[in-house]
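S.K.: Build me a structure from this.
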Amino acid sequence: MATPDQKSPNVLLQNLCCRILGKSEADAAQQFQYAVRVIGSNFAPTVERDEFLVAEKIKKELVRQRREADAALFSELYRKLSSQLTYYVAIPLHLGILKNKWSILYLLLSLSEDPRKQSNKVSSYATLFAQALPRDAHSTPYYYARPQSLPLNYQDRSAQSAQSSGSMGSSGISSISLYALNGPTPTPQSLLPGSLACNYIFKQSYQAPGVGDCLRQQLGSRLAWTLTASQPSLQSTTSKGFSNAVSRGVPRSRREGDTSGSVEITEANLVRDVLYVFQGIDGKNIKMCNSENCYKVEGKVSLSKSLRDTTSRLAELGWLHNKIRKYTDQRSLDRAFGLVGQSFCAALHQELKEYYRLLSVLHSQLQLEDDQGVNLGLESSLTLRRLLVWTYDPKIRLKTLAALVDHCQGRKGGELASAVHAYTKTGDPYMRSLVQHILGLVSHPVLNFLYRWIYDGELEDTYHEFFVASDPTVKTDRLWHDKYTLRKSMIPSFITMEQSKKVLLIGKSINFLHQVCHDQTPSTKMITVAKSAESSKDAADLFTDLENAFQEKIDAAYFETSKYLLDVLNKKYNLLEHMQAMRRYLLLGQGDFIRHLMDLLKPELARPATTLYQHNLTGILETAVRATNAQFDNPEILKRLDVRLLEVSPGDTGWDVFSLDYHVDGPIATVFTRECMSHYLRVFNFLWRAKRMEYILTDIWKGHMCNAKLLKSIPELSGVLHQCHVLASEMVHFIHQMQYYITFEVLECSWDELWNKVQQAQDLDHIIAAHEVFLDTIIARCLLDSDSRVLLNQLRAVFDQIIELQNAQDAMYRAALEELQLRLQFEERKKQRELEGKWGVTASEDEEESRRMKEFQDSIPKMCSQLRILTHFYQGIVQQFLVLLTTSSDESLRFLSFRLDFNEHYKAREPRLRVSLGTRGRRSSHM
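M.R.: Model (predicted):
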C-alpha cells in the first residue's frame, strides 16, 4: 500500500516527469521544477484551446522525430481516451474521470520538448508567462480601491519576497539557474520599447475606423510584449541582476554628517508610489498637495533632481485622471445634463477604462517581479524612465480629455457637441482620431433627435438639447409661424445654419400636415428615404462626408416633404385660387365687378355711416356678383367674399367705412395671416378711395357734357364753366396718372413677381416669404408705410379737393339749372300771354325778373372766386406733392412726378421743381 508521501502531488508530478522523459529524478529535476511552476501559476497560455490541434501537434512532433510507431500508439490511446470520456459522461465527478483533456495534452506537449535546446525552451517558458499577463490582469480598478496585490507596506512586501525566495531554494528550486527561472522573454525587434512598430501599436488604437476597438482590446497583450527587454547573456544578467537588485531594493543610509532627518528611498518604491498616483491614490511618499493642486514628493524624502523631476512628470497623469474622474462622477448623477452629456461621460469612462487596463498590466508586471523576487535589477524591470516612455501616449490622451473637460464645462446638448467638435481641428492625427471617436459617441443622441424629427416629426427633447425648440402653448393656427423655432446656441458646429433651417422646415412640414391639414399618409418616396437613413453608418456619414452623404439625406427629406405639402395645399385646399381671388376682389383686379358694385352702392354709401346695415350691403354685393363675370368663380371662393364696415367716426359717410372682406381659415390662414389680411384691408381702402376719385371725376365729366348745351343760354356762366372745366381736367390728368402708377407699376409688376416666385417655390416658407414681400412692396409704393406718411397726407388732400370740386360744381349746376328753369318758365309765360293777345309781362313782373336775374348774376363772381380758391389750394397741394416725389428714394415715384408734370405746368410756378430729374435723384440720395 502506498504511503501518504507517495500520494502527494509533488511525488506524483515528479514520477510523471521521470516516466515521460525516461530519466532519473536528478536528471529531470529542472523539468520537474518548471512543471511545479506551471501547475502552481495563475496564468494561462494565450494559445487557442483546441484539443484536436494540440493532439495533431504531438503526432507531428513524433513523426518529425521518426517515431511513427509512437505516433500511431498515441493516436490510438487518444482515441480510447475520447471514447471512454464520451461513454462516462454521466458518471459523477468524484470517480476521477479526466476533465481537462486540453490542459493535459498541452502539458505533455510542453514537457516533451527537446531538453538539449535549453535556451530556447526557457525562452519559450518566459514567453508563455509574458503572453499570459493580460489574462491574469483583466480586472480594472474602476473605483478608488487599493489593489490587494500591492500592499503599501513595502518592507513587509520585501520580506515576503525574500522569504519566498528562501523557501524556493530549500525545496530544490535553487539548483535551477536564476536565468532559467526569471529570465526575460526575448522580444521581437519590432516590438522593443521606442521602436516604430511599438509606437504604431499604441497610436493605431483609434486611427483606423472599425479596427480601433479590436486594437484597444489587445492593448494588454501588446504591452506585455513591450514590457520585456531584449534577452541579455546568462552570465551578465545573473551578476548584474543581483547587484542591481541590491542597489534598487535596499534603502541607502544617510550621508555622514547629514542631520536633516531626510530619508532616501529607492527607485523601486517610487515606481510603486507612481503606480498608485496613476489611479489618483496617494502613495507613501507622493501625495496630493491641495495648495498647489498637484502631486508632490514629500519634502522629507531625499531624491536627486532628475528623479524628482521624472516623478513629477509621471504624477501629472494622476492629476489628469482625477480631473476627468471628478467631472464624470459629478455629471453622471445629473439627469439634467441630458443624453448628449451622458454620452460624453460614457465616452470618458470608456477612455478611463482603457487607461485602467494599462495600469492593470503595469501592476501585473510589478507583481510578477516581486513574486520572482530576484528580477528587480534586470533590464526588463519597471523603472521610472521606462514608465515615462510607456505612459507618453496615455498622457497625451489624458491631456486631450482634460482639455475637453475644461472646454465643455457648463455646456450641454448641441453646444457640448460643438465644443467637442472644435478639438477635431488639429494637425495631430492621433489627437484628431481620439476626439473624432468621442464626438461619434457624443453626437449619437443628436442624430437620433434629428432623424426622428425629419422622418416622423417627433420631438422628444426632455432636457432641451436639440436645436429645434417647441412651444406647447401655441395654438394650431400659429403652428407654422410660432410653435417651432431654432435654438441657435444648440446647433452643432458640424451642421451649417442652412442645414439646420432645412431640418426645422422638414419636421415643421410633417407636423403641419398631421395637425393642420389632417393628412397622416406620408408619400412613398418619404418612406424609402426614411428606411435608407436607418443604417449604422449615419455617424460615419456625418463626420466623414458632411458635404455629400449627410447633405443628401437632408436634401432628400426636405424636397420630398415640401413637395408633398405644396401638393396638398394646391390640390386639396386651392391655395393658388385663393391667392388669385385676393388679387381680383381685394386689390380691385376684377374691373367689371368693381364698377358695377360702385354703381349699385352709390345711393347707399352717400348716406351717413350710422344709417348703413351690413345685410343690405351684402345683398348688393351678391347682386353685383350675379351681374358680372364674378359669377363664374369657384363657389368656395365666392362664399368667402363678404362686406365689412369699419369703425365709424363722426361725420363719416358710407364711402368712408365700406370695405370688402375675404374669410380665410385652416391651412390657408397660414399664408394669409391676420397681419396679411390687415395689410390687404389697408390697400383695399386706399384703392377704393382712389377708384372713388376716378368715379367722381367721371361724374363731373358727364355733368360737363350734359349741361354744356343747356347752359349756353346763360352767357354769363361761360367763364365759370371754363374755369371748372380746366380744374376738372387737371384733376382727371392727376388721377389717371396715379391710377396708371398704382395699377400697372405697383400692382401688376408686384403680382407678376409674386406669381413667378410661387410657381418656383420649393417649400411653404418660400411662398409665405414671397407673399410678404409682395404685400410690403405694394404698401410701400402705395404710400401706406410710415416713411411715406407725408406723401399720403398730401395725396389725401388732393382727394379732398376733388370732392370739394364735385360739391362746388353740383351747387353751381343746381343754381344754374334752377335759373335756367325760371328763365324758361318766364319766357314761356310771356309767349303764352302774347298768343292770348295780352302783354307778355307786366311792369311788376318784369321788375321782379330783372331783380332775380341780377341776384343770380351777382352770385356768379362768388362762384368764380370759390373756384379760384379751390384751384389755388389744389395746385399748391399738387406742387408740394411733386416736390416730395422728387426727393423720394424710390425711382418709380420720381418718374411719377415727371409724368404728373409732363408739360412743366407746375414747374413754372414752383422753383423747387426747376431741377433736372437726374439732379433730383442725386439730391434725394444725399438726404
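S.K.: tell me the secondary structure for Ser500?
M.R.: helix (DSSP: H, G, I helix; E, B strand; the rest coil).
S.K.: Then the one 10 residues further on?
M.R.: Using three-state DSSP, the structure places Ile510 in helix.
S.K.: Strands along this structure, start to end?
M.R.: Along the chain, counting by DSSP state E, strands occupy 263-264, 286-289, 294-297, 301-302, 468-470, 484-486, 641-645, 658-662.
S.K.: Count residues in the vicinity of the nearest residue in space to Ile58 that is not next to it in sequence, would you?
M.R.: Sequence neighbours aside, Leu109 is the residue nearest to Ile58 in space, at 5.5 Å (criterion: C-beta to C-beta, 6 or more residues apart in numbering). Heads up, the C-betas are built off the backbone N, CA and C, glycines and all. Residues near Leu109, counting by other C-beta atoms under 10 Å, number 14.
S.K.: could you list every residue that touches Leu109?
M.R.: Contacts for Leu109 (C-beta atoms under 8 Å, 6 or more residues apart in numbering) come out as 54, 57-58, 61.
S.K.: Could I get the strands of the chain in a markdown table, plus columns for mean neighbour count, distance to Phe449 and mean pLDDT?
M.R.: Shown next, in a markdown table, are those (neighbours: other C-beta atoms under 10 Å; distance: least, C-beta to C-beta, whole Å; pLDDT from 0 to 100):
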| stretch | mean neighbour count | distance to Phe449 | mean pLDDT |
| --- | --- | --- | --- |
| strand 263-264 | 14 | 59 | 67 |
| strand 286-289 | 18 | 41 | 87 |
| strand 294-297 | 18 | 41 | 86 |
| strand 301-302 | 18 | 54 | 80 |
| strand 468-470 | 18 | 8 | 94 |
| strand 484-486 | 17 | 13 | 94 |
| strand 641-645 | 17 | 45 | 94 |
| strand 658-662 | 19 | 40 | 95 |
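S.K.: for those strands, which one sits closest to Leu450?
M.R.: Ranking these by proximity to Leu450 (C-beta to C-beta) places strand 468-470 first, at 8.7 Å.
S.K.: which helices and strands sit right next to the closest one?
M.R.: Counting contacts by 3 or more C-beta pairs under 8 Å, 6 or more residues apart in numbering; DSSP states H and E, strand 468-470 packs against strand 484-486, helix 497-515.
S.K.: measure Asp428 to His437 for me?
M.R.: Distance from Asp428 to His437, counting by C-beta to C-beta, to the nearest Å: 14 Å.
S.K.: Give me the more crowded residue out of these two.
M.R.: His437 (20 against 11).
S.K.: Isn't Lys108 up against Cys17?
M.R.: To be clear, residue 108 is Leu; Lys isn't right here. No - using C-beta atoms under 8 Å, Leu108 makes no contact with Cys17, being 10.7 Å away.
S.K.: quick one: which of these two has more around it?
M.R.: Neighbour count, other C-beta under 10 Å: between Leu108 and Cys17, Cys17 has more, with 21 against 15.
S.K.: and the residue lying closest to Leu710 once chain neighbours are set aside, how many residues sit next to it?
M.R.: The shortest distance from Leu710 to any non-neighbouring residue, by C-beta to C-beta, 6+ apart, is to Leu820 (6.4 Å). Residues near Leu820, counting by other C-beta under 10 Å, number 19.
S.K.: For Leu820, which residues are in contact?
M.R.: 710-711, 713-714.
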